[in-house]
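Test case, fold it:
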Amino acid sequence: CADLRTAGELVRPVAAECGDDLPEFLSALALGAEVDALDPRADRVALLTLHAAKGLEFPVVFLVGCDDGLLPFRLPGEGRGLEGAGEDEERRLFFVGLTRAQHRLYLSRARRRTRRGTAAETAPSPFLEAIDAGLTMPVDEESAVRKRPRDRQMRLL
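Reported below is the predicted structural model:
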C-alpha cells in the first residue's frame, strides 16, 4: 500500500499537467516524466538523458559523450552531417544539457571509443565549436594521467 501511495505521489504532477488527455499522460510517463518528481534535496547523483533533463537544474552537471557520432548521433558508416531538422533537434538537446548547470559544467569525450566491437579514434562533437574557447578549461593529457597521492581523498562534489 505504501508503494502505491509513493507511486501516486510521483505521477500526480504529471497527471495534473496532462488533464484528461490519456495518450499525453502515457507519453509523458514513457519519456521519463518521473524525473519531474526529482527531489533536489536528495543526497545522490542523478543520471538523466538529455530529454529527461528538460526543465531541471543542478549545481554540477557532467555532460559525457561529446564525441562526433554520439552527439550528434550517427550509426557507424554514416557520413558527417545530419539533414536539417534532425541536426537542429540534436543541437537543441545539447544546449539543453549545457544549460542545466547552475555552477559547474563538465564536458567530456573519449579520444578512442569501441563501438560495435571496433575501436576507433574519435573527433570532438561539432557542437563544441559553438562554445567560446575562453569559457573552457581543457585538460591536457599529462594532467589527465597524473597520479594523485594515495592518502589524498578525492571528492566528487
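
rest of the way, CA atoms for contacts and neighbours
OK.

Can you get me a residue count around Phe95?
13 (other Cα atoms under 10 Å).

Need the three-state assignment for the nearest residue to Pro72 once chain neighbours are set aside.
Spatial nearest neighbour of Pro72, chain neighbours left out: Glu90 (5.8 Å); criterion: Cα to Cα, 6 or more residues apart in numbering. The local conformation at Glu90, judged by DSSP: H, G, I helix; E, B strand; the rest coil, is helix.

Run a quick neighbour tally on Glu90.
17.

Please report how far it lies from Met137.
From Glu90 over to Met137 the distance is 24 Å, taken as Cα to Cα, to the nearest Å.

And the pLDDT at Leu50?
Listed pLDDT for Leu50 reads 85.

Looks like it contacts Val96 (just checking).
Yes: using Cα atoms under 8 Å, Leu50 is in contact with Val96, at 6.9 Å.

if I look at Leu10, how far off is Gly55?
16 Å.

hey, where'd the helices end up in this structure?
For the chain, the helices defined by DSSP state H cover 2-18, 22-30, 85-98, 141-145.

Out of those, which one sits most buried?
helix 85-98 (a mean of 16; mean count of other Cα atoms under 10 Å).

by contact count, what packs against it?
strand 58-63 (3 or more Cα pairs under 8 Å, 6 or more residues apart in numbering; DSSP states H and E).

In the protein, where is pLDDT below threshold?
1-7, 30-43, 75-85, 141-157 (pLDDT under 70).
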